[in-house]
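K.L.:
My questions are about this predicted structure, shown below with the sequence.
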2 protein chains.
Amino acid sequence: MSMKDVAAAAGVSLTTVSDALNDRGRLPEATRRRVRDVAEQLGFQPHRTARSLAKGRSGILMLSVSLPESTPGSAVDIEFFVRLMSAASGAALQRGWALVLAPATGGEWSVPVDFDGAIVVDPRPHDALLRLADAEGKPVVTVGRDLENPDRLHVDNDHAAAVREALDLMAEAGAERPALLASEADSSYVRDCVDGYQVWCTARAMTPQVVTAAGGLTQGAGYEAARGFLTESKRPDAVFTTLDSLALGVHLAAQSLGLDMPHDLQIATLSDSEAARQARPAVTAVDLDPVATGKEAVQLLIKAIEEAADAESFLVPTRMHVRGSTGTASPEAVSD
Amino acid sequence: MSMKDVAAAAGVSLTTVSDALNDRGRLPEATRRRVRDVAEQLGFQPHRTARSLAKGRSGILMLSVSLPESTPGSAVDIEFFVRLMSAASGAALQRGWALVLAPATGGEWSVPVDFDGAIVVDPRPHDALLRLADAEGKPVVTVGRDLENPDRLHVDNDHAAAVREALDLMAEAGAERPALLASEADSSYVRDCVDGYQVWCTARAMTPQVVTAAGGLTQGAGYEAARGFLTESKRPDAVFTTLDSLALGVHLAAQSLGLDMPHDLQIATLSDSEAARQARPAVTAVDLDPVATGKEAVQLLIKAIEEAADAESFLVPTRMHVRGSTGTASPEAVSD
DNA sequence: CTGTTAGCGCCTTCAC
DNA sequence: GTGAAGGCGCTAACAG
């Protein structure tokens, strides 16, 4: 069942079939209809690979999540990435593109398919896909800015603003010594959080306390770090963390130290998650909208591939979910 | 940078390049080496699409997760599926294949790439990918059995045995009226659980109580169902659920009714998850090993595509994690 | 408006 | 052992 068969069955040439099926050329509507009917009747399906060869476009998008090397586990342990990936995959399919996940690990690997462009989440210099795409001159969209090349097309959130909003919230509820707990990832979002935090502290004439959690993006890392700063003489009475798993570690540490949340310690974090909702008290979190982010990244990448003029970086709006871990919270239902 | 360039640079013919690069023909080792060196030096990368066209094989595997229509949300809400998918994607890549996720929703969609085979998780008759692959005569491996065609190649667990093991555990801890809470999904694993449960009840001369949770694979569905059977006069003193989210719903219902776990109610469930570990008390769960399952499914599918003689269905071993929600549990650390 | 003709890059006979 | 030629199914110039 190839185009040739359709052409024969319809009594026209290959070109006519191709044009009729692809809405090209200026065929009389009758011919177009007839060819299409024949094609449908024959159950004709275009051979994508052949089409790709001829057009020089594979229709495949690659996506990689570039985690810091120090963190154990993989991207699927982080809800934000899972939702982003799933949304990106769906958005791609919907637009007629296929999305393939790049391998998590670095190391030497080769992509087994031709691809037309790449989405690199939380880019780091060593990211294999990023380098590969650059080497082959293929379009790249990053989620979070590429610190080595800030002008690169990207989708991002305004993390600094989100941090300030959370700090305002906790300060209104009485926080006087809010700390920032950051992961050791050197990503644009972490920098933005630190920047936002420091700007806020300066404006309020407060002494900033930035702690970096060693040991990766895990609850354990947050726990260990929190056990440290929560036992200091002048311990923080509020913490903002750059990742929900860190917040849950702090949560656990606070409980183990007998601290009451939100009274003794308020917690707010970046990246809302089911775990943040399920904790007791539930953790106030900034929803980064990974679904919108994934969709935007795909849309942007496709634009870049098609060399659309209006392909430009995009800021996805965030939304704060206020919960029991911060002072002014009204209790939220489990189903929130 | 095509093979032709390599041929010219190496001063040999196209065939020689092709044979040298693909370990074919009987070239003198020296020639083979030289050609490869030249190719490498030139940074030659074979054009996958062209290769696919010529060989009639795309190198692409599709994977779909076929959820019951009644459930809200998507497959990424279920940890088992996420881990399976991620493992499958990695395993495919490692073997030189690419894996593309099929759209979650039914509806009319078309795959934008040629694919060589499909993995269908938890197959249902209406699964679009399953039908498509069948229609095109492409190999399919299911995760869980296809109830309409039980001989189809699959990867599965011995759920019935896992259920019996859990029931034994709870019975030893004193359970006298264990119930089974099943999702309304008509999948082979649900049937296996019910069968295992009924066999067990018969052997112990106990009256089976099978409850089906309406409303999909959610915590809410488990909660609602549990509020029902936990307020009956002769309420169950133990529950096995076919999915962790249902167990968490039961957990919540038990708490809201003031029941003490595991004393008043024991809970065990299929499919271990982070949420099951984090609950207090933590929920005893059967680890279905989605990572091994995903890898096996890929391996099996590739075998089927390559028409290997030893492609046969596979049972992935399970492992029970005993936690505080069942009587004989020894307290487990958070990091478990 | 429609048909003919080259490719797209690689693989695979088949002669040399 | 090596080279020439045809074909995979479709697209895109270019004639007609």
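P.N.:
Sure, I can see it. Residues are numbered from 1 along each chain as shown, chains lettered A, B, ... in the order given.
K.L.:
just checking, A:Ile267 touches A:Ala282?
P.N.:
No: applying C-beta atoms under 8 Å as the test, A:Ile267 and A:Ala282 come out as separate, 10.0 Å apart. C-betas here are computed from N, CA, C, even on glycine.
K.L.:
so how far is B:Asp122 from the single nearest residue of the stretch 101-250 of chain A relative to DNA strand C?
P.N.:
Going by C-beta to the nearest atom of the strand, DNA strand C is nearest to A:Asp114 of the stretch 101-250 of chain A, at 9.5 Å. As judged by C-beta to C-beta, to the nearest Å, A:Asp114 and B:Asp122 stand 32 Å apart.
K.L.:
same thing with A:Asp237?
P.N.:
Separation of A:Asp237 from B:Asp122 (C-beta to C-beta): 48 Å.
K.L.:
Repeat that for A:Phe115.
P.N.:
From A:Phe115 to B:Asp122 the distance is 29 Å (C-beta to C-beta).
K.L.:
Could you show which parts of the stretch 1-150 of chain A are in contact with chain B?
P.N.:
A:47-50, A:52-53, A:58-60, A:74-76, A:82-83, A:86, A:89-90, A:93-94, A:96-104, A:109, A:111-114 (C-beta under 8 Å from any C-beta of the partner chain).
K.L.:
Using PyMOL, define a selection of the buried residues within those residues.
P.N.:
What follows is the PyMOL syntax for the buried subset of the residues of the stretch 1-150 of chain A next to chain B, where burial is set by 16 or more other C-beta atoms under 10 Å in any protein chain shown:
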select buried, chain A and resi 47+48+49+52+53+58+59+60+74+75+76+82+83+86+89+90+93+97+98+99+100+101+102+103+104+111+112+113+114
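K.L.:
The residues of the stretch 1-150 of chain A next to chain B: which ones sit near DNA strand D?
P.N.:
On the criterion C-beta under 7 Å from any atom of the strand, A:His47, A:Ala50, A:Leu53 are the entries of these that sit beside DNA strand D.
K.L.:
can you tell me which of the residues you listed are in helices?
P.N.:
A:Ala50, A:Leu53 (DSSP state H).
K.L.:
out of the ones next to DNA strand D among the residues of the stretch 1-150 of chain A next to chain B, who's nearest B:Ser18?
P.N.:
A:Leu53 (16.9 Å; C-beta to C-beta).
K.L.:
pLDDT at the closest one, what is it?
P.N.:
Per-residue confidence (pLDDT) for A:Leu53: 91.
K.L.:
Am I right that it is in contact with B:Ala54?
P.N.:
No: using C-beta under 8 Å, A:Leu53 is not in contact with B:Ala54; the gap is 9.2 Å.
K.L.:
SS state for A:Ile119?
P.N.:
For A:Ile119, the assignment made with DSSP: H, G, I helix; E, B strand; the rest coil gives strand.
K.L.:
show me where pLDDT drops low in chain A?
P.N.:
For chain A, the stretches with pLDDT under 70 are A:105-108, A:328-336.
K.L.:
what ranges do the helices span in it?
P.N.:
Remark: helices assigned in chain A by DSSP H are A:3-10, A:14-22, A:29-41, A:48-55, A:79-94, A:128-135, A:159-172, A:188-204, A:219-229, A:244-256, A:274-278, A:290-305.
K.L.:
got the contact list for the residue in the stretch 101-250 of chain A that DNA strand D sits nearest to?
P.N.:
Nearest to DNA strand D in the stretch 101-250 of chain A, going by C-beta to the nearest atom of the strand, is A:Asp114, at a distance of 13.6 Å. Neighbouring residues of A:Asp114 by C-beta atoms under 8 Å, 6 or more residues apart in numbering or on different chains: A:Ser52, A:Ser58, A:Ile60, B:His47, B:Arg48, B:Thr49.
K.L.:
Counting neighbours, what do you get for A:Glu172?
P.N.:
Burial of A:Glu172 is recorded as 11 neighbouring residues (other C-beta atoms under 10 Å in any protein chain shown).
K.L.:
Do I have it right that it meets A:Gly327?
P.N.:
Yes: A:Glu172 lies in contact with A:Gly327 (C-beta under 8 Å); the separation is 7.4 Å.
K.L.:
Against chain B, how distant is the closest residue in space to A:Arg32 that isn't next to it in sequence?
P.N.:
The shortest distance from A:Arg32 to any residue other than its chain neighbours is 4.5 Å, reached at A:Ala20 (C-beta to C-beta, 6 or more residues apart in numbering or on different chains). According to C-beta to the nearest C-beta, to the nearest Å, A:Ala20 stands 18 Å off from chain B.
K.L.:
Can you give me the neighbour number for A:Arg164?
P.N.:
A:Arg164 has 18 neighbours, counted by other C-beta under 10 Å.
K.L.:
Please read the previous query as pertaining to A:Arg26.
P.N.:
If we define neighbours as other C-beta under 10 Å, then A:Arg26 has 6 of them.
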